[in-house]
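Trainee: Give me the fold of what follows.
(one chain, ligands or ions: 1)
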Amino acid sequence: MSLPNDLKASTIAAQAGGVIDMPSGGVVPPVQPSTTFVRDEDYALVNPDNIYSRDNSDIVRITENVLARLENAEEALLFPSGMAAIAALFRTLPNGATVVVQSGIYWGTTKWLRDFSARRQITLHEVDASDAPALEQACATHTPALVFIETPSNPWLKSVDIAHAAECAHKAGGLLAVDSTAATPVLQRPLGHGADIVMHSATKGINGHSDVLAGVLATAAPAAKVWTDIKADRHDAGAVIGPFEAWLLLRGMRTLPLRVERMSVNALKIASWLKAHPKVTDVFYPGLASHPGHKVAARQMQGGYGCLFSFLVQGGAPEALAVVGKLKLFHRATSLGGVESLVEHRHTIEPHTGIPESLIRVSVGIEDADDLIADLSQALG
Ligand SMILES: *Cc1c(COP(=O)(O)O)cnc(C)c1O
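Mentor: The predicted structure follows:
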């Protein structure tokens, strides 16, 4: 059972793709925790889709179907975390391959990629992909098998032109993968701009309630070798999400478009307010016309610019930590995309990666924007 193809994201999400549980008639799908599935007297599977739950799960398939539809993809695959999804993608590369990866992205990605590349004799070129000529030159010079970008990026909120990056990767004979976590499938659909694979940490905005760890890869070309390799790797190596997590994720996703809309409105309002504050020296948010990535973001995002921004306060680490310490509504915690607003002093978390000591990263939730502004106002003093 599924909804027609021409429906908008909010309809698909709210109705979980049109799933009705039969024979109960429930409007919510059940969780089936069984790891194994029976055969009949003739040894035929009672349900040909289900043999063993390392890769056979109805609730996982239902959730993947909704994700694929939101992303305008042909297929989506869930993983137990965003990093597990990234690892599954990079494990498809042969030893000795060359990759171009955006610099200054989610630190967990960079750190794992450096270790993995060293172990597998993979040549890793880290490039500021928001600099279009630099990316073009890196692709032409190194002819990478895979180009990996993150837009908007975390914590700099840089914008990478996805269509241009796809052109550069393809001209070099490689593929383009996009970490679109900060945008969610509601605000940005990279496959429509030529990306071969889109990746999300579904732990963030897609689930949106800070209570599930999950990752997703999606593609418009499920017959491509990279995709069949990823599928085989998930099935054989077993980086699968559990049924309870998939169920919670689907439940969270029903309100995804609504949450993202509210967060984007809140984030723009708060970022604009901060931009005018005398104790704030800069604000990085692609929704601000002053942001260097605004034009690119406006071209490839729709409906808003997401929940994530960073700002610099006057002074250094002591001043930034003092502001963060005085906040009463924003929780001091890592992660992003949840309904509750979070702040993070990134320099404390990754001290040797060039993050300014005065930088505060904010993930804006769905609270009242004026309450959040009042909290920031008292903290800034
Ligand atoms: C959190 C995050 C990841 C990693 O995802 P996990 O679900 O924590 O494994 C990757 N990329 C970005 C942009 C993220 O924010």
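Trainee: Between the two ends of stretch 145-163, what distance do you get?
Mentor: This stretch, stretch 145-163, spans 17 Å end to end (Cα to Cα, to the nearest Å).
Trainee: quick check: mean pLDDT across that stretch?
Mentor: Average pLDDT, stretch 145-163: 97.
Trainee: and that stretch, anywhere near the ligand?
Mentor: Yes - contact between stretch 145-163 and the ligand, assessed by Cβ under 6 Å from any ligand atom, occurs at E150, N154. Heads up, the C-betas are built off the backbone N, CA and C, glycines and all.
Trainee: what does stretch 95-111 give?
Mentor: Yes - for stretch 95-111, a contact with the ligand is found by Cβ under 6 Å from any ligand atom, at Y106, G108, T109.
Trainee: of those, closest to the ligand?
Mentor: Y106 (3.7 Å; Cβ to the nearest ligand atom).
Trainee: Compute the number of surrounding residues for that closest one.
Mentor: Y106: 20 surrounding residues under other Cβ atoms under 10 Å.
Trainee: what's the closest non-adjacent residue to it?
Mentor: Closest residue to Y106 apart from its sequence neighbours, by Cβ to Cβ, 6 or more residues apart in numbering: N154 at 4.9 Å.
Trainee: just N72 next, same as before
Mentor: Excluding the flanking residues, the one nearest N72 by Cβ to Cβ, 6+ apart is R189, at 5.0 Å.
Trainee: what separates that neighbour from D161, distance-wise?
Mentor: Distance of R189 to D161, computed by Cβ to Cβ, to the nearest Å: 15 Å.
Trainee: same check, this time on M263
Mentor: Distance of M263 to D161, given as Cβ to Cβ: 24 Å.
Trainee: what about the two, which has more around it?
Mentor: The neighbour count for M263 versus D161, taken as other Cβ under 10 Å, is higher for M263 (31 against 22).
Trainee: Okay, the more buried one and P351: tell me how far apart.
Mentor: Taking Cβ to Cβ as the measure, M263 falls 29 Å from P351.
Trainee: Can you report how many residues neighbour P318?
Mentor: The tally of other residues near P318 (other Cβ under 10 Å) stands at 9.
Trainee: quick one: the helices in the stretch 251-381 of the chain?
Mentor: Ranges of helices in the stretch 251-381 of the chain, per DSSP state H, counting those that start in this stretch, are 256-275, 294-300, 317-326, 346-349, 369-380.
Trainee: now the stretch 1-150 of the chain
Mentor: Going by DSSP H, counting those that start in this stretch, the stretch 1-150 of the chain shows helices at 9-14, 58-71, 82-90, 107-119, 132-142.
Trainee: looking at those helices, which is closest to E319?
Mentor: Across these, E319 has its closest neighbour in helix 107-119 (22.8 Å, Cβ to Cβ).
Trainee: Show me what that closest one is packed against.
Mentor: Contacts defined by 3 or more Cβ pairs under 8 Å, 6 or more residues apart in numbering; DSSP states H and E place helix 107-119 against helix 82-90, strand 98-102, strand 123-127, strand 146-150.
Trainee: okay, the angle between that helix and strand 123-127?
Mentor: The directions of helix 107-119 and strand 123-127 differ by 150 degrees, with axes from the mean of the first three to the mean of the last three Cα atoms, to 10 degrees as the criterion.
Trainee: chain center to helix 107-119: distance?
Mentor: Counting by Cα atoms, centre = their mean, to the nearest Å, helix 107-119 is centred 18 Å from the centre of its parent chain.
Trainee: same check, this time on stretch 218-227
Mentor: Relative to its chain's centre, stretch 218-227 lies at 19 Å (Cα atoms, centre = their mean).
Trainee: Identify all contacting residues around it.
Mentor: Contacts to stretch 218-227, defined as Cβ atoms under 8 Å, 6 or more residues apart in numbering, come from residues 67-68, 71-77, 89, 92, 175, 191, 196-199, 228.
Trainee: could you flag which of the residues you listed are buried?
Mentor: 67-68, 71, 73, 75-77, 89, 92, 175, 191, 196-199 (16 or more other Cβ atoms under 10 Å).
Trainee: tell me the domain ranges of this protein?
Mentor: Using automatic domain parsing, the domain parsing of the chain gives 9-253, 256-380.
Trainee: so the host helix or strand of L176 versus helix 107-119, what angle?
Mentor: Using DSSP states H and E, L176 falls within strand 175-179. On the basis of the same axes, to 10 degrees, strand 175-179 is oriented at 150 degrees to helix 107-119.
Trainee: Which other helices and strands does strand 175-179 contact?
Mentor: strand 146-150, helix 162-171, strand 197-201.
Trainee: and it, which residues are buried?
Mentor: Across strand 175-179, burial judged by 16+ other Cβ under 10 Å covers L175, L176, A177, V178, D179.
Trainee: Now do the residue most central in space within the chain against H277, distance only.
Mentor: Taking Cα atoms, centre = their mean, the centroid of the chain lies closest to T181, which sits 1.7 Å from it. Relative to H277, T181 is positioned 28 Å away (Cβ to Cβ).
Trainee: near the ligand, which residues of the stretch 51-200 of the chain show up?
Mentor: By Cβ under 6 Å from any ligand atom, the residues of the stretch 51-200 of the chain that approach the ligand are S81, G82, M83, Y106, G108, T109, E150, N154, D179, T181.
Trainee: Nearest spatial neighbour of the closest residue to the ligand within the stretch 101-250 of the chain, chain-adjacent residues omitted?
Mentor: Nearest to the ligand in the stretch 101-250 of the chain, going by Cβ to the nearest ligand atom, is S201, at a distance of 3.0 Å. The shortest distance from S201 to any non-neighbouring residue, by Cβ to Cβ, 6+ apart, is to G82 (2.8 Å).
Trainee: Good, wrapping up.
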